[in-house]
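Peer 1: structure of the sequence below:
(2 chains)
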Amino acid sequence: MRETRILLAAAVVLAALVYVVAGGIRDALVYYLTPGELLAQGERAVKRPVRVGGLVVPGSKVWDPATRQLRFRLTDGSATVTVQYFGAPPGLFREGQGAIVEGTWDPGGVLRARSIVVKHSEEYAPPSPRS
Amino acid sequence: MVSILGTAAIATALLLALVGLAYLLRGRARDDADLVRRGHRAVVALLVALTAAVALLEVALIGRDFSVRYVAANINTATPLPFRIVGLWGALEGSILLWAWVQAGYAALVAIRYRSRHQETVPLALAVLLGITSFFLLLMLGPANPFARIFPPPPEGRGLNPLLQNHPLMAVHPPFLYLGYVGFSVPYAFATAALLTRSMRDQWMTVTRRWTVAAWSFLGAGIVLGAWWSYEVLGWGGYWAWDPVENAALMPWLVATAFLHSVVVQERRRLLRLWNHALVIVTFLLTLFGTFLTRSGILGSVHDFTQSLVGPIFLLFIGAVLTFSVGVLLLRRDEVRDDGTLPAYLSRESLFLLNNVLLLVLAATVFIGTTFPLLAEAVGGVRLSVGPPYFNRLTVPLALALLVLMATATLLPWGPVSLSALRRLASPVVVSLGCVLALAGAGVRGFTLGAFGVIALAAAAQIAEFHRGARGLGRAEGRPYLLALPALFGANSRRYAGYLAHLGLALALAGVAASSAYRAENDHALRRGETFRAGRYLLRYDGAALVRRPDRLEVVAAVSILPSGALEASPGRPAAAVPALATLYPSERFYPQQRTPIPTPAVRSTWRGDLYLVLLAVAPDGSAVVKAIVNPLVPWIWTGGLLMALAGVASIWPGRRS
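Peer 2: Numbering: from 1, shown residues only, chains lettered A, B, ... in the order given. Sure, this is the predicted structure:
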């Protein structure tokens, strides 16, 4: 009797947890893509949060302090996407270096960055380009 | 030379661990006190051997012996002395050595402290500790040897990750974390030994209480110091990103917090025996899992992780510990049956159980969010991450529910609750409502207002209990109120230290709530002498300078804080002539081993909050881009968190009664 009650309570808690967690995770998933993978997703990638890792194309950085707009191109060696960001380039940001851009893919073909991520652990690196 | 001696020290340590294991197990089996005593001596000798190994690695680090691979990979000729010392826990192999050393230290303390007490349990508990130590020693003799050589030795080392040598907090945060992690092996060892020997059925947790609370305090302090480091160094103005590395430390802390509470129920009611065993096992497994997460390289990519044997071996060990622990529990399931049932009515006991459920759900939520990306990549080959929205959406309501429980359980007595006891809730509720009204008047709205109400309720409940206790003690012993207040800790240190920890949590969460809801951030492009506003601050950019240091170059900007009404007070006066109240120096640091600069924020803290400046860029003409963040109540987080850890220390401080 007591066991059944405990099991029942545990089952209810577990079911609620699974329900909430599954819903919460689905909305918070951020796919980690290379520019090539992003382009390959086409329409499906539009308006979904993505995290795109690659190298900043040398010479592509345009920073306009007046409008506080930063534009640059991110490449994985074969495919390239244009990134638009409102705000100053982060301190670690350099052309020719790796960067991880978090944002949404605009139907116009621009990746609108919410943030340019700089991770603190030495274990982190932008994903290596897959050919 | 250091290499050979160091490896020899580790090999000796392993030998001592195995010899000690044999002595302890045989001594117990034959009931031979002499053999057991030899086992104890082996444990102490093991600590000596590992201390020698740590000293040798420090000698190599301090002396810049680049023939040792670990030294060459983590130090260079420019690394200053304090960070050469700290290099011991800057990377994988050194951290494993630190873990083993701390583990040996705990084992030796157990051996010395219990050399003549609890003779039926201690030998086996020590054997369990030696088993764990042996694993780390084997790891060091295999794929993670801190003394591995490199030939020919490079003329210059790679240098410590600049982020790790940017702040003194880096020096203390990992040791605290490890003291916490490893400390939980002691209650785990006693729990296992108690089951195996069918002894100390309800005493193992009382005997190990000091160890558990010490480990909990260390781990808590480690988490807070880590968050503080991240805040002071990383330059994003935040302290918690739900990063797997952070979650790795939080999960065992949550489960250990549940354990600290449920232990009380077992002591008072002889209930929750199985539950408590499970909590200790889970806490210990989570400490191993945390080390695995942070040190196996699995976070970079599941594929990186197989490049070193350390990760797979670690995973195997975790599996082995899990199998062993569950096996022991099943073998001794008659030992963990309860003598009765938990009362169904509203009582402290039932609220404690609810607290446990919430803490475990919280830990499970974090666990799922942390491991989901690993599973997705391993199984589905997709690389993704679980963003902060997931964690925030699930953990914030759970944390608020926990606070409500904390307030109620603090005020309610053990056993059935009478109507008069419920009346104790009245004044904290009134205080909380008063806070809500005051904050609403100040413009706080919506969810944040509710959160502050709950936090105020939780804090007021603790203060009410202190007040009730001090008044009671004052009356009983005729002491003045203000003297009775600290005397409470002498009279019932455990109880009032608990309330102090609760108060610390409320303080820290107030800081979290305020800084999450009211953080204001702006980037400013500035010419020299230009003024700008950030929150209540009036600031002036005074230019930048290049500073040469032995191990790095720094571009340092000077930003002055001016009296906020200075411009309006004398409209004709140029801003440059206004005397500064204080000057902050955010900088960018350039290390030779790193191609990109490290921004180093400058923070000015008051009790109301922080002004946080990050230098984003300096142009050749001296103009700069500065990010200014006004972050309310952030210092409350550090104060509250450290108060919790101190409360832990206060509760185990040897008092009059012991």
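
Peer 1: going forward, measure contacts and count neighbours with C-alpha atoms only.
Peer 2: OK.

Peer 1: tell me where chain A has helices.
Peer 2: A:2-28, A:35-41 (DSSP state H).

Peer 1: of all those helices, which one is nearest A:Gln97?
Peer 2: Ranking the helices of chain A by proximity to A:Gln97 (C-alpha to C-alpha) places helix A:35-41 first, at 14.9 Å.

Peer 1: could you pull out the helices in the stretch 551-658 of chain B for me?
Peer 2: Here the stretch 551-658 of chain B has its helices, by DSSP state H, counting those that start in this stretch, at B:566-569, B:634-652.

Peer 1: quick one: low-confidence ranges for the stretch 301-450 of chain B?
Peer 2: For the stretch 301-450 of chain B, the stretches flagged by pLDDT under 70 are B:301-307, B:344-345.

Peer 1: can we see that at 80?
Peer 2: Low-confidence segments of the stretch 301-450 of chain B (pLDDT under 80): B:301-308, B:340-346.

Peer 1: make CSV from the helices of chain A and add mean pLDDT to it.
Peer 2: Output for the helices of chain A, formatted as CSV (pLDDT from 0 to 100):
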stretch, mean pLDDT
helix A:2-28, 80
helix A:35-41, 86
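
Peer 1: nearest to chain B, out of those?
Peer 2: Chain B lies closest, by C-alpha to the nearest C-alpha, to one member of these: helix A:2-28, at 5.1 Å.

Peer 1: that closest one packs against which elements?
Peer 2: In terms of contacts (3 or more C-alpha pairs under 8 Å, 6 or more residues apart in numbering or on different chains; DSSP states H and E), helix A:2-28 is packed against helix B:348-375, helix B:388-411.

Peer 1: quick check: buried residues in the first one?
Peer 2: Meaning helix B:348-375. B:348-353, B:355-370, B:372-374 (16 or more other C-alpha atoms under 10 Å in any protein chain shown).

Peer 1: which of those are close to chain A?
Peer 2: By C-alpha under 8 Å from any C-alpha of the partner chain, the members of the buried residues of helix B:348-375 lying near chain A are B:Val361, B:Thr365, B:Gly369.

Peer 1: how about residue 88, what does it touch?
Peer 2: Reading this off chain A. When contacts are counted by C-alpha atoms under 8 Å, 6 or more residues apart in numbering or on different chains, A:Ala88 touches A:Trp63, A:Pro65, A:Arg68, A:Gln69, A:Leu70, B:Asp523, B:Leu616, B:Val625.

Peer 1: that's the other chain; I wanted chain B
Peer 2: Applying C-alpha under 8 Å, 6+ apart, we find B:Leu88 in contact with B:Leu57, B:Glu58, B:Leu61, B:Gly94, B:Ser95, B:Leu98.

Peer 1: show me what contacts the third one?
Peer 2: Residues counted as contacts of B:Leu61 (C-alpha under 8 Å, 6+ apart) are B:Val71, B:Ile75, B:Arg84, B:Ile85, B:Gly87, B:Leu88.

Peer 1: can I get stretch B:249-258 in CSV, CA atoms only?
Peer 2: Only the C-alpha atoms of stretch B:249-258 are listed here, as CSV (Å, rounded to 0.1, in the frame of the first residue of the first chain):
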residue,chain,number,x,y,z
ALA,B,249,29.8,21.8,-9.6
LEU,B,250,26.3,22.8,-9.0
MET,B,251,24.7,19.4,-9.4
PRO,B,252,26.6,17.6,-6.5
TRP,B,253,26.0,20.7,-4.3
LEU,B,254,22.3,20.5,-4.9
VAL,B,255,22.1,16.8,-4.0
ALA,B,256,24.4,17.3,-1.0
THR,B,257,22.1,20.0,0.2
ALA,B,258,19.2,17.6,0.0
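
Peer 1: quick one: that stretch to chain centroid distance?
Peer 2: Relative to its chain's centre, stretch B:249-258 lies at 9 Å (C-alpha atoms, centre = their mean, to the nearest Å).

Peer 1: that stretch vs chain A: in contact?
Peer 2: No. Stretch B:249-258 does not reach chain A (C-alpha under 8 Å from any C-alpha); its nearest approach is 14.9 Å.

Peer 1: contacts for that stretch?
Peer 2: Residues outside stretch B:249-258 that contact it (C-alpha under 8 Å, 6+ apart) are B:177, B:216, B:219-220, B:223, B:279-280, B:282-284, B:286-287, B:290, B:355-356, B:359-360, B:362-363, B:366-367.

Peer 1: who's the residue in the stretch 251-400 of chain B that chain A sits nearest to bridged to?
Peer 2: Closest residue of the stretch 251-400 of chain B to chain A, C-alpha to the nearest C-alpha: B:Leu384 (4.1 Å). Beta-bridge pairing for B:Leu384 (DSSP bridges): A:Tyr31.

Peer 1: so who does it touch?
Peer 2: B:Leu384 makes contact with A:Leu29, A:Val30, A:Tyr31, A:Tyr32, A:Leu33, B:Pro373, B:Ala376, B:Glu377, according to C-alpha under 8 Å, 6+ apart.

Peer 1: quick one on the thing from earlier: among the contacts of B:Leu88, name the ones in strands.
Peer 2: Here DSSP state E is the test, and the contacts of B:Leu88 give no hits in strands at all.

Peer 1: still on that earlier bit, just give me the lowest mean pLDDT stretch among the helices of the stretch 551-658 of chain B.
Peer 2: Here the lowest mean pLDDT among the helices of the stretch 551-658 of chain B goes to helix B:566-569, at a mean of 80.

Peer 1: that one: which residues count as buried?
Peer 2: By neighbour count with 16+ other C-alpha under 10 Å, helix B:566-569 contains the buried residues B:Leu567.

Peer 1: from the contact counts, what lies against that helix?
Peer 2: Using 3+ C-alpha pairs under 8 Å, 6+ apart, helix B:566-569 is in contact with no helix or strand.

Peer 1: contacting residues around it?
Peer 2: Residues contacting helix B:566-569 (C-alpha under 8 Å, 6+ apart): B:Arg573, B:Ala575, B:Val578.

Peer 1: so where's chain B shaky on pLDDT?
Peer 2: Looking at chain B by pLDDT under 80, you get B:159-167, B:170, B:296-308, B:340-346, B:569-573, B:592-598, B:654-658.

Peer 1: residue numbers of it in contact with chain A?
Peer 2: Within chain B, the positions adjacent to chain A are B:161, B:163, B:234, B:297, B:299-300, B:361, B:365, B:369, B:382-390, B:393-394, B:523, B:525, B:588, B:596-599, B:615-617, B:625 by C-alpha under 8 Å from any C-alpha.

Peer 1: before I go, just wanted to say thanks for your time.
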